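> how does the following fold in three dimensions:
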Amino acid sequence: MIESIESLPIQVRWRPNQKAKIMTNEPALDPLRSAPVEESIPKVSVLPEVPSPFEPVVCYGWDPEEILPKRRPRNMLFLGATEWSWSPWHGRCDAYYLHRGRHHWITYIRDLDPNEPEFAWMTGAFVEKRGITARQAACHLMIARWREEVLEGDLDPFHLLNCEGFLSETDWFSIGEEVWPEVER
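Down below sits the predicted model:
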């Protein structure tokens, strides 16, 4: 059991918040860094309460055509970006976005690997938006999505917080602690 967030084995590269939190075609990511990564210890963040009722649907390998807009929305909220680096040849860099649909909050995942264009955009999870704030939806949909990936794909904790957006650095670490409580440094 983790006693604090400081014990998570995650590197952080701090970047200042962007004033415009609306999605752009290219988030300010630096997946091919040449400078050393600065490590920091984040402050403890309190995640928002899980709303009641909260019944997220995780889209792992499928898209819910009945609730998705016909085209990818242009006004999504950029949540942040995380990276995994298992070896010099195996890694993953994802940017996460939140969309407020007519009846649902929907998270989108943008795979930043240019070698796999068919997986450039994926639906992460969705939930009915009635009575749920954007911060609640963002935090708890990310927790639901990553928990599903842990079960289905044995996903380990993210190695690097590349960029923060609507969710702060401490929010990402708190989400990581919720998903991977057994991780020790």
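> which residues in this protein form strands?
For the chain, the strands defined by DSSP state E cover 11-12, 57-58, 77-87, 90-100, 104-111, 121-128, 160-164.
> do you know which of these lies nearest residue 147?
strand 57-58 (8.0 Å; CB to CB). Where C-beta positions appear, they are placed from N, C-alpha and C, glycine not excepted.
> mind listing the strands that closest one pairs with, and their directions?
strand 121-128 (antiparallel) (DSSP bridges).
> so for the partner strand, mean pLDDT?
Mean pLDDT, computed over strand 121-128, is 91.
> how many other residues sit next to residue 124?
By the criterion of other CB atoms under 10 Å, residue 124 has 24 neighbours.
> which ones are touching it?
Contacts for residue 124 (CB atoms under 8 Å, 6 or more residues apart in numbering) come out as 58-59, 96, 106-109, 141-142, 145.
> recalculate using a threshold of 7 Å.
Residues in contact with residue 124 (CB atoms under 7 Å, 6 or more residues apart in numbering) are 59, 96, 107-109, 141, 145.
> and which of these is nearest to residue 70?
For the contacts of residue 124, the nearest to residue 70 is residue 108 (14.5 Å; CB to CB).
> what's across from that closest one in the sheet?
residue 97, residue 123.
> what's the pLDDT at the closest residue to residue 110 other than its chain neighbours?
In this structure, residue 110 finds its nearest non-sequential neighbour in residue 95, 4.3 Å apart by CB to CB, 6 or more residues apart in numbering. Model confidence at residue 95, given as pLDDT, is 94.
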